[in-house]
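Engineer: everything below, folded, please.
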Amino acid sequence: MWDAVEAELDEWKRERRRAEFWWRDDDAQDVTPALKKLLAVAGGFRVPIALSVIPARFSPALARMVKRHEAVDVLVHGHGHVNHARPGRPKREYGVYRRQGDMEQELLESLALINRGFGSRALPVLVPPWNRIPPTLASRLPGLGYKGLSTWKPRKPHAAPAGLVCINTHLDPIDWRRGRAPKSEHAVAAALLRKLRWRRKYPERALEPLGLLTHHLLWGPEIETTIAHVLALTRSHPAATWVSARSAFGL
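Structural biologist: Sure thing, here's the model as predicted:
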């Protein structure tokens, strides 16, 4: 299946087009062996990565470590990554279950915490926990100091609020419906092939980089092998390029 992905990138090259990728890793709070391994893989392939850091939970050790990695950007991952949804409903930190003013104040505090902790590595980009945010709150983000928003699945054309850049993620090696089990290499390669073909067929989808989404807390040998194959193929192909979150969001 990786051969098919390479053949698809060859088509991009023949059409003189370039497939852009970016990498977002969620739920960063502290320095862990899994996070170190993930960063080592990213560094080994010289691929920039964005860590979505939970503002109310991150440790000083994480801030110190990030400052030693030049290719790491930091995004705002909600506030405390707390589920406020009612029992049986999809998890979310932001939604109709809370007062708008309370959520806005919390988002102001979140951005301030990330800025203080990570300095120049911090980007004013919100990654809402569980990738869910109501449109009414999203429209308020520019007024709260945010320049970007990142969730899951292809962004809807012209759906971004004024003053906000939306760059989403699209490729996830975790099967969340099967108990957070790693997807097989074949499944990840097939998904990547399908998404590249869609982007070549529908150029409007290629206006945002194809986002790789990982969760280092679930990192393991199987996922590491799969991600390494993705990176090896895309880093060596002339029709593929990896961009930083700072570049993707124009910051």
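
Engineer: sec struct for Tyr146, please.
Structural biologist: Recorded secondary structure, Tyr146: coil (DSSP: H, G, I helix; E, B strand; the rest coil).

Engineer: thinking it is in contact with Cys166, fair?
Structural biologist: No. The criterion here is CB atoms under 8 Å, and Tyr146 misses it with Cys166 at 11.1 Å. Yep, even glycine has a C-beta here, placed from its N, CA and C like the rest.

Engineer: between those two, who's got more neighbours?
Structural biologist: A direct count of neighbours by other CB atoms under 10 Å for Tyr146 and Cys166 places Tyr146 higher, at 23 against 17.

Engineer: measure that one to Leu164 for me?
Structural biologist: Distance of Tyr146 to Leu164, given as CB to CB, to the nearest Å: 7 Å.

Engineer: what ranges do the strands span in the stretch 101-250 of the chain?
Structural biologist: 122-126, 148-149, 165-166, 174-175, 181-182, 210-214, 240-242 (DSSP state E, counting those that start in this stretch).

Engineer: nearest to Pro87, of these?
Structural biologist: Closest to Pro87 of these is strand 174-175 (CB to CB; 23.9 Å).

Engineer: what does that closest one contact?
Structural biologist: 180-183, 187, 214-215, 218, 223 (CB atoms under 8 Å, 6 or more residues apart in numbering).

Engineer: swap the cut-off to 7 Å and go again
Structural biologist: For strand 174-175, the surrounding residues in contact (CB atoms under 7 Å, 6 or more residues apart in numbering) are 180-183, 215, 218.

Engineer: show me where this protein has its helices.
Structural biologist: 2-14, 33-44, 60-67, 100-118, 135-138, 185-201, 221-236, 245-248 (DSSP state H).

Engineer: which elements pack onto the first one?
Structural biologist: To tie it back to what came earlier, the one meant is helix 2-14. Packing partners of helix 2-14 (3 or more CB pairs under 7 Å, 6 or more residues apart in numbering; DSSP states H and E): helix 185-201, helix 221-236.

Engineer: next, the buried residues of that helix.
Structural biologist: 2, 5-6, 8-9, 12 (16 or more other CB atoms under 10 Å).

Engineer: between those residues, which is nearest Ala138?
Structural biologist: Using CB to CB, the buried residues of helix 2-14 come closest to Ala138 at Trp12, 31.8 Å.

Engineer: ok, back up a step: looking at the helices and strands packed on helix 2-14, which is closest to Gly43?
Structural biologist: Set against Gly43 and scored by CB to CB, the helices and strands packed on helix 2-14 come closest in helix 221-236, at 10.8 Å.

Engineer: what bits of the protein have low per-residue confidence?
Structural biologist: 157-159 (pLDDT under 70).
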